[in-house]
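Asker: Structure for this input, please:
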Amino acid sequence: MTEFQVRTDLALEARERFEEDVEIRGVEVEEAYDEQRDIRVTVVRIRTENGAKAMGKPIGTYITLEAPRMSEPDEDYHREVSEKLAGYLKKLLDVKNEKSVLVVGLGNREVTPDALGPEAVNHLRVTRHVVREYGKAAFAREKVQLVSTIVPGVMAQTGMETLEIVRGIVAETKPDQVVVIDALAARSSKRLNRTIQISDAGIQPGSGVGNHRNSLTRETIGIPVLAIGVPTVVDAATIVYDATGDRSSVPPGLNGMFVTPKNVDEMIRRLSFTISEALNLALS
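Answerer: All right, here's what the predicted structure looks like:
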């Protein structure tokens with residue numbers, strides 16, 4: 001029998017491995033549906049080490065927005081998704097007071113399914129340098145969030161771990177919060193480019209595709225880390241298994257192969273705007 005590991009970065013899918021009526025100690029789940037916008041929101045809170053072990057995810061809050069029409073070129077709908085996402089980001093970032101926020105765009109610009117982070121950072125309103133140079137008067141507002149960004153690339157390009165780069169920047173610029181944007185892996189192809197997950201538990205770059213790198217978390221960086229991700233790939237072996245229901249039907253060569261939609265370049269451009277607009281709204 002062929003053995004393969006079902007890969008997913010989504011806490012929602014980790015919870016779906018269990019029967020709906022099965023209670024996982026230390027894990028709370030809340031669901032809500034915005035009928036007007038056709039957006040389903042699932043909040044998974046992992047409270048204890050027991051819950052973290054069962055879920056295979058660190059302790060923290062994971063908010064998943066499922067928007068089926070997000071794969072469509074509907075700018076009005078994407079704006080609605082951005083507004084919905086911004087509402088949750090404001091709560092998790094706690095932007096009532098002025099903050100300095102470093103936004104990190106993870107991924108490889110040269111690999112389209114992995115370019116979500118760098119593309120999203122391109123569209124952010126960066127303010128830190130302006131405030132430092134001219135003060136808040138430049139924005140004619142009493143409260144201005146200091147936003148800075150970095151695209152650290154991948155180890156094959158830099159020879160450095162992302163954690164090393166981010167930790168060095170944090171030590172030098174001293175932001176209050178780090179926001180990390182990254183492409184994720186999903187178990188279900190139906191969630192590709194239609195789902196956004198935000199989490200206060202940080203992120204482990206490359207975990208969904210088996211390329212584990214050092215985690216970006218509060219423990220490793222020293223300040224709160226908020227992760228935003230969209231699943232852009234799904235394991236090919238999982239697709240075959242879901243279609244057949246038979247593990248023995250999964251060819252060994254499919255392990256480690258990942259599938260992405262053929263229009264992924266268009267999707268990444270659209271989704272990067274959706275996420276950046278949400279952050280711009282939340283940090284305005």
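
Asker: out of everything not next to it in sequence, what's closest to the most centrally placed residue in the chain?
Answerer: Centroid check for the chain by C-alpha atoms, centre = their mean gives Gly229 as the closest residue, at 1.6 Å. Residue nearest to Gly229 in three dimensions, not counting chain neighbours: Leu184, with 4.1 Å by C-beta to C-beta, 6 or more residues apart in numbering. Where C-beta positions appear, they are placed from N, C-alpha and C, glycine not excepted.

Asker: Count the residues that sit near the one you found.
Answerer: Leu184 has 25 neighbours, counted by other C-beta atoms under 10 Å.

Asker: and if you look at Asp34?
Answerer: Per other C-beta under 10 Å, the neighbour tally for Asp34 reads 13.

Asker: is it fair to say Ile198 lies in a strand?
Answerer: Yes: membership of Ile198 in a strand is supported by DSSP: H, G, I helix; E, B strand; the rest coil.

Asker: At which residues are the helices of the stretch 101-250 of the chain located?
Answerer: For the stretch 101-250 of the chain, the helices defined by DSSP state H, counting those that start in this stretch cover 116-122, 128-134, 155-158, 162-173, 218-221, 236-244.

Asker: Now do the longest one: which elements does it pack against?
Answerer: The reference is to helix 162-173. Counting contacts by 3 or more C-beta pairs under 8 Å, 6 or more residues apart in numbering; DSSP states H and E, helix 162-173 packs against strand 100-105, strand 146-150, helix 218-221.

Asker: Can you give me the buried ones in that helix?
Answerer: Across helix 162-173, burial judged by 16 or more other C-beta atoms under 10 Å covers 162-163, 165-167, 169-170.

Asker: Can you list the neighbours in contact with it?
Answerer: Residues outside helix 162-173 that contact it (C-beta atoms under 8 Å, 6 or more residues apart in numbering): 100, 102, 104, 106, 128, 148, 150, 152, 154-155, 158, 178, 205, 213-216, 220-223.

Asker: If any of those are buried, give me the ChimeraX selection for them.
Answerer: Selecting the buried subset of those in ChimeraX, with 16+ other C-beta under 10 Å as the burial test, is done by:
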select :100,102,104,106,128,148,150,152,154,155,178,205,213,215,216,221
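
Asker: Would you mind measuring from the residue nearest to Gly229 to Arg141?
Answerer: Leu184 is 34 Å from Arg141, where distance means C-beta to C-beta, to the nearest Å.

Asker: next one: Arg7
Answerer: Using C-beta to C-beta, we find Arg7 at a distance of 44 Å from Arg141.

Asker: Pick out whichever of the two has more residues nearby.
Answerer: Between Arg7 and Arg141, counted using other C-beta under 10 Å, Arg7 has the larger neighbour count: 21 against 10.

Asker: buried stuff in the one helix or strand in the chain whose mean pLDDT sits lowest?
Answerer: Lowest on mean pLDDT, DSSP states H and E among the helices and strands of the chain sits helix 236-244, with a mean of 81. For helix 236-244, burial by neighbour count (16+ other C-beta under 10 Å) applies to 236-241.
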